[in-house]
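Trainee: Show me how the following folds:
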Amino acid sequence: MKYESLSKIYYVSPDNYMKEYTSRFMFPYSMHLGIRIRQYNRKHDFEAFFYYPNEIAILLEKIHKSYEEFLAVESQVPPVVLHQFSLLSILDEVKSTNDIEGVRSTRKRNKRNHRWRTTEIGPAGKHRQ
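Mentor: Model (predicted):
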């Protein structure tokens, strides 16, 4: 189903406007802003809200489930591994960005230039780079 704005529905079919407004307003994934808006030369004001169509709501639910799965896996990984992964990801991103912008660099050079050092991670904070 193609999404139609409430303003379009209002001008095409004023009788269906309130029914559609109420339906969208009461939708579980609607976000209510707590601000009342009254258009110029109108009798009634309405609360402002964001409406997420069903397709977006389904995608939000999938993202939420994936995030929960990620957190479950992350909680089982040692902190030193997460820290190292984060550093390497940042270095890869810097290298990638430099390549796109035409800047010649290496991961080793980026690491040295940005003084990448692990913080007190590992047994008794003894492992530093």
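Trainee: only C-alpha atoms for contact and neighbour calcs from this point on.
Mentor: Will do.
Trainee: What helices and strands are in contact with the longest strand seen in the chain?
Mentor: Here the longest strand in the chain is taken by residue count, with DSSP state E as the criterion, and it is strand 31-37. Packing partners of strand 31-37 (3 or more C-alpha pairs under 8 Å, 6 or more residues apart in numbering; DSSP states H and E): strand 46-50.
Trainee: So which residues make contact with the longest strand of the chain?
Mentor: With contact meaning C-alpha atoms under 8 Å, 6 or more residues apart in numbering, strand 31-37 is reached by 25, 45-51.
Trainee: chain center to stretch 54-74, what's the gap?
Mentor: Distance of stretch 54-74 from the chain centroid (C-alpha atoms, centre = their mean, to the nearest Å) equals 11 Å.
Trainee: Identify each buried residue in it, please.
Mentor: Judged by neighbour count (16 or more other C-alpha atoms under 10 Å), stretch 54-74 contains no buried residues.
Trainee: Now do the same for stretch 22-40: mean pLDDT, whole number.
Mentor: Averaged over stretch 22-40, pLDDT sits at 88.
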